[in-house]
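[1] coords below, sequence missing:
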(Lines give C-alpha, C1' and ligand atoms only; values in the text may rest on other atoms or scores of the structure.)
Protein backbone atom coordinates (compact mmCIF):
# COMPACT_ATOMS: atom_id res chain seq x y z
CA UNK A 1 0.00 0.00 0.00
CA UNK A 2 1.49 3.31 -1.07
CA UNK A 3 1.00 6.27 1.29
CA UNK A 4 1.05 9.68 -0.40
CA UNK A 5 4.02 11.86 0.49
CA UNK A 6 3.17 15.03 2.37
CA UNK A 7 4.98 18.35 2.49
CA UNK A 8 4.65 20.88 5.32
CA UNK A 9 4.51 24.56 4.47
CA UNK A 10 7.47 26.54 5.88
CA UNK A 11 5.19 29.54 6.57
CA UNK A 12 1.93 28.20 8.02
CA UNK A 13 3.22 24.71 8.97
CA UNK A 14 0.16 23.00 7.47
CA UNK A 15 0.25 19.77 5.48
CA UNK A 16 0.08 19.70 1.65
CA UNK A 17 0.24 16.93 -0.96
CA UNK A 18 3.69 16.37 -2.45
CA UNK A 19 2.60 17.19 -5.99
CA UNK A 20 1.68 20.80 -5.13
CA UNK A 21 4.17 23.60 -5.70
CA UNK A 22 2.44 26.21 -3.50
CA UNK A 23 0.70 25.82 -0.15
CA UNK A 24 -3.03 25.21 -0.54
CA UNK A 25 -3.63 27.16 2.69
CA UNK A 26 -1.47 30.30 2.42
CA UNK A 27 -0.07 30.19 -1.17
CA UNK A 28 3.58 30.13 -0.01
CA UNK A 29 5.93 28.29 -2.44
CA UNK A 30 6.72 24.82 -1.09
CA UNK A 31 10.22 23.31 -0.93
CA UNK A 32 10.97 20.66 -3.54
CA UNK A 33 11.22 17.10 -2.19
CA UNK A 34 14.33 15.17 -3.21
CA UNK A 35 13.69 11.74 -4.75
CA UNK A 36 10.12 11.78 -3.45
CA UNK A 37 11.29 10.40 -0.08
CA UNK A 38 8.82 10.31 2.78
CA UNK A 39 9.64 12.83 5.47
CA UNK A 40 7.36 11.33 8.12
CA UNK A 41 6.54 7.79 9.14
CA UNK A 42 2.90 6.81 9.52
CA UNK A 43 2.26 6.35 13.25
CA UNK A 44 -0.55 4.45 14.93
CA UNK A 45 -2.22 5.37 18.21
CA UNK A 46 -2.94 8.50 20.19
CA UNK A 47 -0.78 11.61 20.52
CA UNK A 48 1.49 11.19 23.52
CA UNK A 49 1.94 14.36 25.56
CA UNK A 50 5.52 15.43 26.24
CA UNK A 51 6.96 15.18 29.73
CA UNK A 52 9.61 17.34 31.39
CA UNK A 53 12.41 14.79 30.79
CA UNK A 54 11.63 14.60 27.05
CA UNK A 55 11.59 18.41 26.81
CA UNK A 56 15.03 18.62 28.43
CA UNK A 57 16.34 15.88 26.12
CA UNK A 58 15.02 17.88 23.11
CA UNK A 59 17.15 20.82 24.36
CA UNK A 60 14.13 23.03 24.92
CA UNK A 61 14.78 25.35 27.83
CA UNK A 62 12.27 26.24 30.49
CA UNK A 63 13.08 29.70 31.83
CA UNK A 64 13.10 30.29 35.59
CA UNK A 65 10.17 32.73 35.54
CA UNK A 66 8.57 31.80 32.23
CA UNK A 67 6.02 29.58 30.56
CA UNK A 68 6.78 27.46 27.47
CA UNK A 69 4.10 26.30 25.01
CA UNK A 70 4.85 23.27 22.80
CA UNK A 71 2.75 21.96 19.88
CA UNK A 72 1.84 18.34 20.62
CA UNK A 73 1.51 17.65 16.90
CA UNK A 74 4.98 18.78 15.86
CA UNK A 75 6.91 19.13 19.10
CA UNK A 76 7.73 22.68 17.98
CA UNK A 77 8.07 25.42 20.57
CA UNK A 78 5.22 27.87 19.97
CA UNK A 79 6.17 30.55 22.50
CA UNK A 80 8.04 31.35 25.69
CA UNK A 81 6.17 33.88 27.80
CA UNK A 82 7.34 35.86 30.83
CA UNK A 83 4.13 37.84 31.45
CA UNK A 84 2.09 37.11 34.57
CA UNK A 85 -1.14 37.23 32.55
CA UNK A 86 -1.69 36.53 28.83
CA UNK A 87 -4.19 35.22 26.29
CA UNK A 88 -3.82 32.40 23.76
CA UNK A 89 -5.80 32.95 20.57
CA UNK A 90 -5.66 34.51 17.12
CA UNK A 91 -4.61 38.07 16.29
CA UNK A 92 -7.23 40.68 17.16
CA UNK A 93 -6.79 44.41 16.96
CA UNK A 94 -6.35 46.11 20.32
CA UNK A 95 -5.27 43.02 22.29
CA UNK A 96 -1.77 42.57 20.91
CA UNK A 97 0.07 43.27 24.22
CA UNK A 98 -1.46 40.28 26.01
CA UNK A 99 -2.16 38.01 23.05
CA UNK A 100 -0.01 35.06 22.02
CA UNK A 101 -1.05 34.66 18.36
CA UNK A 102 -1.48 31.00 17.39
CA UNK A 103 -2.48 31.85 13.79
CA UNK A 104 0.89 30.79 12.31
CA UNK A 105 0.25 27.30 13.72
CA UNK A 106 -3.09 26.74 11.94
CA UNK A 107 -5.22 27.98 14.83
CA UNK A 108 -8.11 29.18 12.64
CA UNK A 109 -8.52 25.79 10.92
CA UNK A 110 -8.32 24.03 14.26
CA UNK A 111 -11.14 26.04 15.83
CA UNK A 112 -9.15 28.35 18.10
CA UNK A 113 -11.08 31.52 18.95
CA UNK A 114 -9.56 34.99 18.73
CA UNK A 115 -9.60 35.18 22.53
CA UNK A 116 -9.52 31.54 23.58
CA UNK A 117 -7.73 31.02 26.91
CA UNK A 118 -6.67 33.43 29.63
CA UNK A 119 -3.59 32.18 31.51
CA UNK A 120 -2.36 33.81 34.68
CA UNK A 121 0.40 33.18 37.17
CA UNK A 122 -0.54 32.25 40.74
CA UNK A 123 1.56 31.82 43.88
CA UNK A 124 1.90 28.09 43.14
CA UNK A 125 2.05 28.03 39.32
CA UNK A 126 -0.45 28.95 36.63
CA UNK A 127 -4.19 28.68 35.97
CA UNK A 128 -6.31 28.83 32.81
CA UNK A 129 -9.80 30.02 31.97
CA UNK A 130 -11.78 29.44 28.76
CA UNK A 131 -13.04 32.80 27.47
CA UNK A 132 -16.52 31.59 26.38
CA UNK A 133 -15.21 30.02 23.18
CA UNK A 134 -17.31 28.29 20.55
CA UNK A 135 -15.15 25.15 20.24
CA UNK A 136 -14.25 24.81 23.92
CA UNK A 137 -11.14 24.04 25.93
CA UNK A 138 -9.97 20.80 27.54
CA UNK A 139 -7.34 20.39 30.26
CA UNK A 140 -5.90 16.85 30.20
CA UNK A 141 -8.97 15.73 28.19
CA UNK A 142 -11.43 17.16 30.75
CA UNK A 143 -13.63 19.92 29.33
CA UNK A 144 -13.38 23.16 31.29
CA UNK A 145 -16.30 25.44 32.12
CA UNK A 146 -15.94 28.93 30.60
CA UNK A 147 -14.98 31.84 32.89
CA UNK A 148 -13.80 29.52 35.66
CA UNK A 149 -10.10 29.15 36.54
CA UNK A 150 -8.41 25.74 36.63
CA UNK A 151 -4.90 25.09 38.01
CA UNK A 152 -2.38 23.91 35.43
CA UNK A 153 0.62 21.69 36.18
CA UNK A 154 3.83 21.73 34.16
CA UNK A 155 3.51 19.12 31.41
CA UNK A 156 -0.29 19.35 31.17
CA UNK A 157 -2.07 18.94 27.85
CA UNK A 158 -4.47 21.67 26.72
CA UNK A 159 -6.81 21.33 23.75
CA UNK A 160 -8.36 24.43 22.18
CA UNK A 161 -10.89 23.27 19.59
CA UNK A 162 -8.73 20.73 17.75
CA UNK A 163 -5.33 22.28 18.59
CA UNK A 164 -3.29 20.35 21.16
CA UNK A 165 -0.51 22.01 23.14
CA UNK A 166 1.56 21.11 26.18
CA UNK A 167 2.69 23.69 28.71
CA UNK A 168 5.88 23.68 30.76
CA UNK A 169 7.16 25.87 33.56
CA UNK A 170 9.40 25.48 36.57
CA UNK A 171 7.74 25.12 39.93
CA UNK A 172 9.17 26.05 43.31
CA UNK A 173 10.03 22.33 43.72
CA UNK A 174 11.97 22.22 40.39
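    Perfect, I can see it now. Worth saying up front: this structure is predicted, and the values here are computed from it rather than measured. Residues are numbered from 1 along each chain as shown.

[2] nearest residue to residue 119 in space, please, no chain neighbours.
    For residue 119, ignoring the flanking residues on the chain, the nearest one in space by Cβ to Cβ, 6 or more residues apart in numbering is residue 128 at 5.2 Å. Quick note: C-beta positions are derived from backbone N, CA and C, even for glycine.

[3] tell me the SS of that neighbour?
    Secondary structure of residue 128, reduced to three states by DSSP: H, G, I helix; E, B strand; the rest coil: strand.

[4] residues contacting it?
    When contacts are counted by Cβ atoms under 8 Å, 6 or more residues apart in numbering, residue 128 touches 117-119, 137, 139, 144, 149-150, 152, 158.

[5] now do residue 153
    Under the criterion of Cβ under 8 Å, 6+ apart, the contact partners of residue 153 comprise residue 125.

[6] so how far is residue 127 from it?
    Here residue 153 is placed at a distance of 10 Å from residue 127 (Cβ to Cβ, to the nearest Å).

[7] what does residue 142 give?
    For residue 142 relative to residue 127 (Cβ to Cβ), the value is 14 Å.

[8] those two - which one has more neighbours?
    Residue environment comparison for residue 142 versus residue 127 gives the larger neighbour count to residue 127, 16 against 9, counting by other Cβ atoms under 10 Å.

[9] residue contacts, the more buried one?
    When contacts are counted by Cβ under 8 Å, 6+ apart, residue 127 is found next to 119-120, 149-152.

[10] could you identify which of these has the most neighbours?
    Comparing these by number of neighbours (other Cβ under 10 Å), residue 119 comes first, having 23 neighbours.

[11] and the host helix or strand of that one, what's buried?
    When secondary structure is defined using DSSP states H and E, the element that contains residue 119 is strand 115-121. When neighbours are counted by 16 or more other Cβ atoms under 10 Å, the buried residues of strand 115-121 are found to be 115-119, 121.

[12] tell me the one of the residues you listed nearest residue 27?
    Comparing these against residue 27 with Cβ to Cβ picks out residue 116 as the nearest, at 25.8 Å.

[13] state the pLDDT value of that closest one.
    Reported pLDDT at residue 116 in the predicted model: 93.
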